[in-house]
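*Asks:* Have a look; sequence and predicted model below, questions after that.
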Amino acid sequence: MISLEGKVAVVTGASRGIGAAVARLLDDQGVKLGLASRSGDDLGIAGAVAMSTDRARPCAGHCARRGDGARHGGIDIVIANAGVGAYGPFVDLTPPISTR
């Protein structure tokens, strides 16, 4: 198995569910973490960079990369777990733009 010790990962949707579980598993493997979620929860993981961000906002990905990359010197792994629910015919849906 490949060692993840010392790698840097960004996990979106990290505050609960699958994102939180993946973040904890990566932490157990010695991965340095950047956690992006709307709540900005650090999950109690020592050394994690937690950032409050809404993936519906166009600049959110850039903000998460800048915060984690600046602290840890780059990013090796990205777990794109955040999601936005929308229902209806695809052609009728509008992009979810946050006003925050």
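*Replies:* Yes, it's here. Predicted, not measured: the structure shown is a model, and the values here were computed from it. Residues are numbered from 1 along each chain as shown.
*Asks:* Find the nearest non-adjacent residue to residue 74, please.
*Replies:* Closest residue to residue 74 apart from its sequence neighbours, by C-beta to C-beta, 6 or more residues apart in numbering: residue 8 at 6.1 Å. C-betas here are computed from N, CA, C, even on glycine.
*Asks:* Kindly apply the preceding question to residue 80 instead.
*Replies:* Nearest to residue 80 is residue 12, by C-beta to C-beta, 6+ apart, at 5.6 Å.
*Asks:* how close does that neighbour get to residue 52?
*Replies:* 12 Å (C-beta to C-beta, to the nearest Å).
*Asks:* So for these two, which sits in the more crowded spot?
*Replies:* For residue 12 versus residue 52, neighbours defined as other C-beta atoms under 10 Å are more numerous around residue 12 (22 against 16).
*Asks:* Which positions are bridged to the more buried one in the beta structure?
*Replies:* Beta-bridge partners of residue 12, counted by DSSP bridges, are residue 36.
*Asks:* following the lowest-mean-pLDDT helix or strand in the chain, which helix or strand shows up next?
*Replies:* Lowest mean confidence among the helices and strands of the chain (mean pLDDT, DSSP states H and E): helix 60-72, at a mean of 54. Using DSSP states H and E, the helix or strand that directly follows helix 60-72 along the chain is strand 77-79.
*Asks:* by contact count, what packs against that next one?
*Replies:* The helices and strands touching strand 77-79, judged by 3 or more C-beta pairs under 8 Å, 6 or more residues apart in numbering; DSSP states H and E, are strand 8-12, helix 17-28.
*Asks:* give me the low-pLDDT residue ranges for the protein?
*Replies:* 54-72, 84, 95-100 (pLDDT under 70).
*Asks:* Centroid-nearest residue for it?
*Replies:* The geometric centre of the chain, computed from its C-alpha atoms, lies nearest to residue 12 (C-alpha atoms, centre = their mean), at 2.0 Å.
*Asks:* What's the separation between that residue and residue 43?
*Replies:* 13 Å.
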